[in-house]
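Novice: Next come a sequence and a model predicted from it.
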Amino acid sequence: MSKGLNLAVTKREKQSTKEIVAERKLGKIPAVLYSHGQEAEMLWIDYITFSKVYKVAGHSSVVTLEGAKKNLGVIIQEIQLHPLSGRFSHVDLYQVHMDEALEAQIPLVFTGTAAAVRELGGMLVKTLEEVEVSCLPKDLPHEIEVDIQTLATFEDNIKIKDIKLPKGVTMLVDAETVVALVEAPRSEEEMAALDEKVTADVTKVEGVTKEADKA
């Protein structure tokens, strides 16, 4: 489990919507703990504590529950946000077993500078922001680095099979899937053609609008 990622929880009884709203105003978040082969459990989490832990852990680090669930390893499976305030309104946790492999979405972090961007003026294109992996909880990476320095020309690309994975981690994505590439800059002719197309489309829309107004 990740050192320092601890989350205190308390048991939550079934309550009315009004009661849950009142508890939220006191700085609590309702949560549900899921576990393979066991009945889901309702919990309360302190809002400020969860905010700090989630900022570090995201959905890809094992967190240790404290309180009602002493030293239980979980991952933050899903969060819900209030549509207006954007505050956390609900959290789903999933218990992990240290001897059982789990599947998780891990963010990709692109490092270095592509020569095709620096020297040829190309544009870096990232086709994936995260990938699904399988591993034991102890091997779960918080992020996976992708070195883009190998992108020297517009023909180069980086595929899943090119990414160096931490020990014990298996990628659950097709090995031939392209992760990053560099596109050549558009020529003046291509930019001019795009401008003409936009102008033509606008004229067409204006014409339709004017005809509609006359009608």
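Specialist: Yes, it's here.

Novice: can you give me the helices in this protein?
Specialist: Listed in chain order, the helices found in the chain under DSSP state H are 17-25, 47-57, 115-118, 188-214.

Novice: Lowest mean pLDDT across those, which one is that?
Specialist: Out of the helices of the chain, helix 188-214 stands lowest, with a mean of 57 (criterion: mean pLDDT).

Novice: Give me the residue ranges of the protein where confidence is low.
Specialist: In the predicted model of the chain, residues 1-4, 68-70, 187-188, 190-215 satisfy pLDDT under 70.

Novice: All the strands of it, residue numbers only.
Specialist: Listed in chain order, the strands of the chain (DSSP state E) span residues 6-11, 28-35, 38-46, 63-67, 72-81, 88-95, 102-111, 123-126, 130-135, 144-147, 157-159, 170-171, 178-183.

Novice: Which elements pack onto the third one?
Specialist: Under the contact definition 3 or more C-beta pairs under 8 Å, 6 or more residues apart in numbering; DSSP states H and E, strand 38-46 sits against strand 6-11, strand 28-35, strand 88-95. C-beta here means a position set from N, CA and C on the backbone, and glycine is covered the same way.

Novice: Those into JSON lines, with extra columns for mean neighbour count?
Specialist: Supplementary listing: these in JSON lines, determined by neighbours: other C-beta atoms under 10 Å:
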{"stretch": "strand 6-11", "mean neighbour count": "18"}
{"stretch": "strand 28-35", "mean neighbour count": "19"}
{"stretch": "strand 88-95", "mean neighbour count": "18"}
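
Novice: okay, these in a markdown table with distance to T150 next?
Specialist: Converted to a markdown table, the helices and strands packed on strand 38-46 look like this (distance: least, C-beta to C-beta, whole Å):
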| stretch | distance to T150 |
| --- | --- |
| strand 6-11 | 39 |
| strand 28-35 | 40 |
| strand 88-95 | 36 |
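
Novice: which stretch among these comes nearest G67?
Specialist: With C-beta to C-beta, the closest approach to G67 among these belongs to strand 6-11: 4.7 Å.

Novice: hang on, the earlier thing: so which of the helices and strands packed on strand 38-46 gets nearest A184?
Specialist: Put simply, out of the helices and strands packed on strand 38-46 the one that sits nearest A184 is strand 88-95, at 43.3 Å, with distance taken as C-beta to C-beta.

Novice: Direction included, what does that closest one pair up with?
Specialist: On the basis of DSSP bridges, the sheet neighbours of strand 88-95 come out as strand 28-35 (parallel), strand 72-81 (antiparallel).

Novice: Which one of the ones you listed lies nearest to R118?
Specialist: Ranking those by distance to R118, with C-beta to C-beta as the measure, places strand 72-81 first at 37.3 Å.
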